[in-house]
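# pasting the sequence and the predicted model now:
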Amino acid sequence: MSRHSLLFALLLFATVALFTADLAVGSVALSPGEVWQALTGRAADPVVHDIVLKIRLLKALAALLAGAALAASGLEMQTLFRNPLAGPYVLGVSSGAALGVALFLLGAPMLGIAGHSLLRSLGVVGAAWLGSALVLAVVLAVSRRIKDIMVILILGMMLGSGIGSVVEILQYLSTETALKAFVVWTMGSLGDITAGQLAVLLPVVTAGLALAVAVIKPLNLLLLGESYARTMGLDIRRTRTLLVLSTVLLAGTVTAFCGPIGFIGLAVPHLARMLFRSADHRVLMPASMLTGAALLLGCDLVSKLLALPVNTITALTGIPVVVIVVLRNRSFF
Amino acid sequence: MSISLQNIRLAYGSRTLLENVSADIPAATLTAFLGRNGTGKSSLLRAIAGLNKVSEGEIRLCGRPLAALEAKQLAATVSFVATDKLRIANLTCEQMVALGRAPYTDWLGRLRETDRAAVRRALETVGLTDYAAKTMDTLSDGECQRAMIARALAQDTPVILLDEPTAFLDLPNRYAMVSLLARLARDEGKCVLFSTHDLEIALSHCDAVLLIDTPQLRHIPASEVASSGAIERLFAGSGVTYDPAAKRLRPAER
C-alpha cells in the first residue's frame, strides 16, 4: 500500500473512531451498549433515545460537516490568494458572516419574525451568506490591484476588526432578548444544532464540498499564479466565481449555524501538507476534508470533556500548527 | 507565420510604447527580443501570450487571430515562461512539468499514457530526467528555469514565449539556456521568442532579433544585425557602444 493510501485509511479510521467517541461522551454518562441500542432504535429509555439521536448524533454530524467545510474553504483560499496564512477567519469572511447574522438577529425583532424558527434559521443563513460574500468580494477586488500578500492579510484583519466594532455597536443598541440570542451564537457552539438546521446545513455544505472537488484542477494550476494558469487554458473568471461561491457556501453556512470557529480553516490544510508532503490538490482536498472532520470531532470531544467552548479548543490546537508554518517559512505557492 | 503582429499600438497608461508596428516570425526560429528597460518587451510578450490586450492592431498566431481563440485553443498554441521563481515546497519537478498537460487532461487533471510520455520527453529534452522526483524548492535557479521550460514543452505548443529566461543565471548557465532554446527551435521546430539583455549570447545563437526602437519595432535577421546599426542606436548615449566586428559591447570612448 502506498504512503498516501495508508494515510487516507488511517485518517478515515480516526474520523470514524472520533465520531463514535463523540456519540459516547456527553454530560449524561451512557454505556456504549446504551448508545448502540439508541442508534439502532431499540433504546429502552426514551430519554436515552433522545439524548443520543436528537442531541449527540446531530452534534457529531455537525462537527463532521463543519470540520470538512472549514478545512476545504481554507485550502481554497490559501491557493486562491497564494497565501499560507489565508483562511475564512483571517480574511474576515467569518466576520462578514457574523455581521450578517448580527444584523439579522438584532434586527429581526423589529421585523417581527423572531418567533418563526424556520424563518429565523433561513434568515440567519441568508444573512451569513450575504455578509461573507460581501467581505470576500472586497478582499478579492483589492487583491486584484495589490499583489502584496501582507497588505491583503492586514486588510482582511482590519476589515474583520471594523466589522467587529459595527457588531458591538449593534449589540449596544439592541434589546436584551435579541442580544442574548446573538451572544449565544458567537460562542461558537456545535451543541445547539437542531434537526431543522441540519437539514439546511447538510445539503448546502455537500454542495459546497462538491464545488471544492470540481475546482481541484484549477487550484493546481493556480499554484503557479494567475498568469501561468491563464496561459495553460484556465478560465480565471469562472474559477474565481466558483471558488467564492464554494467558500461562501462552506464557511458562510458553517459560521451561520455554529458561530465563528477559528483556526480549522487556517491550520488543517497545513496539517494535510505536512502529513501527505504533497502540493497536489487531488490529494490535499480530500486530505483536508478528512483531517478537518477528524480534528473538529476531536476538539468537540475535548470541549465536552472539559466543558469549554469548542472555539477555545480549536484555537489552542490550530495556533501551534500556524506557528510551525511561519517558523519553517517554506513557500507553498 | 507562427507569430504575426499587424499594425500594433501598445501603450502603458498614457505613454505610447509602440506605434503601428508589424512583424512576422516564422516557425523553427529562435528570435531574441531586445530593448531597453521599460520599452514594452514584457507587455508585448504578455500580449502575444494572451495575458494583456494591445491598444490597436491584431496579433495572429499560426494564422488565426488571437482574439478569436478560446482559452484552451490558445493554451494549445502558445506557452509562456515568466520571470517569477516558483519554489513550491512539496511539488516535484515532474508534477510541475505535468501541469503543462492541463489543456489536454480531464476535469481532474488525470494523466493518460500520452501525457506521461510527453512529460518524460520534456524532462529529457531539458536534461532534468534525474531531477523528476526532486521538489521545486530544492532546485537551483538554472534547474528551476529549465523545469519551467519543460512545462512549456509538455504543453506541446508551436509557439514558446520566454520573459528574460537568462536573468538570475550565471554565465555558463546563460549559454546553456540559450543553446537549449536554439535546439528547441531547430530540432523541435518551435517558434521561440525570448526577451533578454544578454546581447552577446543572444546574437551568437539566434536566427533573428526583434528590437524595440521606441516607438518602432524592428525585425532583423541575425546576419544583418551587425551591419544594420540597430544595436548602436539601442545603446546611443548610454555609456556603452556596440562593436559590430567583435559582436560585443564595450565602454564608449570619451
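Okay, I see it.
# show the pLDDT at A:Ala272.
According to the prediction, A:Ala272 has pLDDT 97.
# give the buried residues for the helix or strand hosting it.
Element membership for A:Ala272 (DSSP states H and E) is helix A:264-276. Of the residues in helix A:264-276, A:264-273, A:275-276 count as buried by neighbour count, 16 or more other CB atoms under 10 Å in any protein chain shown. No exception for glycine: its C-beta is placed from N, CA and C like everyone else's.
# for that helix, name the packing helices and strands.
If contacts are counted by 3 or more CB pairs under 8 Å, 6 or more residues apart in numbering or on different chains; DSSP states H and E, helix A:264-276 sits against helix A:3-24, helix A:57-80, helix A:281-306, helix A:310-328.
# quick check: which of those is nearest to chain B?
Proximity to chain B (CB to the nearest CB) singles out helix A:281-306 among the helices and strands packed on helix A:264-276, at 6.3 Å.
# that closest one near chain B at all?
Yes: contact of helix A:281-306 with chain B (CB under 8 Å from any CB of the partner chain) involves A:Arg282.
# quick one on the thing from earlier: what is the nearest of the buried residues of helix A:264-276 to chain B?
A:Arg273 (6.1 Å).
# state the phi and psi torsions of the closest residue to that closest one other than its chain neighbours.
Among residues not flanking A:Arg273 along the chain, B:Asn90 sits closest, at 6.1 Å (CB to CB, 6 or more residues apart in numbering or on different chains). With angles defined as degrees, to the nearest 10, B:Asn90 sits at phi 70, psi -10.
# can you read off the pLDDT for B:Asn90?
pLDDT at B:Asn90 comes out at 93.
# what's the distance between it and B:Glu232?
Going from B:Asn90 to B:Glu232 by CB to CB, to the nearest Å gives 50 Å.
# of these two, who's got more company?
Higher neighbour count among B:Asn90 and B:Glu232: B:Asn90, with 20 against 13, using other CB atoms under 10 Å in any protein chain shown.
# and the more buried one, how far from B:Arg116?
Where B:Arg116 is concerned, B:Asn90 sits at a distance of 20 Å (CB to CB).
# now do the same end-to-end measure for stretch B:94-109.
Terminal residues of stretch B:94-109 lie 14 Å apart, using CA to CA, to the nearest Å.
# can you tell if it touches chain A?
Yes: using CB under 8 Å from any CB, stretch B:94-109 reaches chain A at B:95-96, B:99-100, B:102-103, B:105, B:107-109.
# what segments of chain B are strands?
Taking DSSP state E as the criterion, chain B carries its strands at B:3-12, B:15-25, B:29-34, B:56-61, B:64-65, B:78-81, B:159-163, B:191-195, B:208-213, B:216-221, B:240-243, B:248-251.
# which among those strands is found nearest to A:Pro32?
Among the strands of chain B, the nearest to A:Pro32 by CB to CB is strand B:78-81 (59.5 Å).
# okay, that closest one in PDB with CA atoms only?
Listed next in PDB are the C-alpha coordinates belonging to strand B:78-81 (Å, rounded to 0.1, in the frame of the first residue of the first chain):
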ATOM      1  CA  VAL B  78       1.300  29.400 -27.200                       C
ATOM      2  CA  SER B  79       3.100  28.600 -23.900                       C
ATOM      3  CA  PHE B  80       4.700  31.200 -21.700                       C
ATOM      4  CA  VAL B  81       7.700  31.100 -19.300                       C
END
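# around chain A, which positions in the stretch 151-254 of chain B sit nearby?
Near chain A, when you scan the stretch 151-254 of chain B using CB under 8 Å from any CB, you find B:Gln155.
# the residue in the stretch 1-150 of chain B positioned nearest to chain A: what's its closest spatial neighbour, skipping adjacent residues?
For the stretch 1-150 of chain B, the residue closest to chain A is B:Ala75, as judged by CB to the nearest CB, at 3.1 Å. Using CB to CB, 6+ apart and skipping the chain neighbours, the partner closest in space to B:Ala75 is A:Gly233 (3.1 Å).
# thinking again about what came up before, in PyMOL, how would I select just the buried ones from the residues of stretch B:94-109 next to chain A?
Applying 16+ other CB under 10 Å to the residues of stretch B:94-109 next to chain A, the buried members can be selected in PyMOL as follows:
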select buried, chain B and resi 95+96+99+100+102+103+109
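# dump the residues of stretch B:94-109 next to chain A into TSV; add pLDDT and distance to A:Val142 as well.
Shown next, in TSV, are the residues of stretch B:94-109 next to chain A (pLDDT from 0 to 100; distance: CB to CB, whole Å):
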residue	pLDDT	distance to A:Val142
B:Gln95	97	31
B:Met96	97	29
B:Leu99	97	28
B:Gly100	97	31
B:Ala102	97	28
B:Pro103	96	31
B:Thr105	96	33
B:Trp107	95	31
B:Leu108	95	32
B:Gly109	95	30
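# burial count for residue 87?
Using chain A. Neighbour count of A:Gly87, defined by other CB under 10 Å: 32.
# oops, chain B please
Residues within reach of B:Arg87, counting by other CB under 10 Å, total 17.
# what about B:Glu70, how many residues close to it?
Look at B:Glu70: counted by other CB under 10 Å, it has 10 neighbours.
# list the contacts for it?
By CB atoms under 8 Å, 6 or more residues apart in numbering or on different chains, the contact list for B:Glu70 is empty.
# now B:Arg101
So B:Arg101 contacts B:109, B:111, B:115, B:118-119, B:154-155 (CB under 8 Å, 6+ apart).
# can you report phi and psi for it?
phi -80, psi 0.
# equivalent analysis for B:Leu111, please.
Torsion angles, degrees, to the nearest 10, at B:Leu111: phi -90, psi 130.
# per-residue pLDDT, the residue nearest to B:Ala75?
95.
# where does it sit: helix, strand or coil?
Under DSSP: H, G, I helix; E, B strand; the rest coil, the three-state class of A:Gly233 is coil.
# and for it, the neighbour number?
Neighbours around A:Gly233, by other CB under 10 Å: 18.
# follow-up on the earlier one: which among the residues of stretch B:94-109 next to chain A gets closest to B:Ser223?
The closest of the residues of stretch B:94-109 next to chain A, once distances to B:Ser223 are taken by CB to CB, is B:Gly100, at 33.8 Å.
# C-alpha coordinates for stretch A:153-171, CSV please?
Output in CSV follows, covering the C-alpha atoms of stretch A:153-171 (Å, rounded to 0.1, in the frame of the first residue of the first chain):
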residue,chain,number,x,y,z
LEU,A,153,-3.8,39.9,5.2
ILE,A,154,-3.7,43.2,7.1
LEU,A,155,-6.6,44.4,5.2
GLY,A,156,-8.6,41.3,6.0
MET,A,157,-7.8,41.7,9.6
MET,A,158,-8.8,45.4,9.6
LEU,A,159,-12.0,44.6,7.8
GLY,A,160,-12.7,41.9,10.4
SER,A,161,-12.0,44.3,13.3
GLY,A,162,-14.0,47.1,11.7
ILE,A,163,-16.9,44.7,11.3
GLY,A,164,-16.4,43.6,14.9
SER,A,165,-16.9,47.2,16.0
VAL,A,166,-20.0,47.6,14.0
VAL,A,167,-21.4,44.4,15.5
GLU,A,168,-20.6,45.8,19.0
ILE,A,169,-22.4,49.0,18.3
LEU,A,170,-25.4,46.9,17.1
GLN,A,171,-25.2,44.9,20.4
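# what does that stretch rub up against?
Stretch A:153-171 is contacted from outside by A:83, A:85-86, A:89-92, A:94-96, A:98-99, A:102-103, A:106, A:135, A:138-139, A:142, A:179, A:182-183, using CB under 8 Å, 6+ apart.
# out of those residues, which are buried?
A:83, A:85-86, A:89-92, A:94-96, A:98-99, A:102-103, A:106, A:135, A:138-139, A:179, A:182.
# could you check how far the residue most central in space within chain A is from A:Val268?
Centroid-nearest residue in chain A, with CA atoms, centre = their mean: A:Leu70, separated by 2.7 Å. Noted for A:Leu70: a distance of 7 Å to A:Val268, by CB to CB.
# what is in contact with the two at once?
Common neighbours of A:Leu70 and A:Val268 (CB under 8 Å, 6+ apart) are A:Gly292.
# is stretch A:66-80 in proximity to chain B?
No: using CB under 8 Å from any CB, stretch A:66-80 stays clear of chain B, coming no nearer than 10.9 Å.
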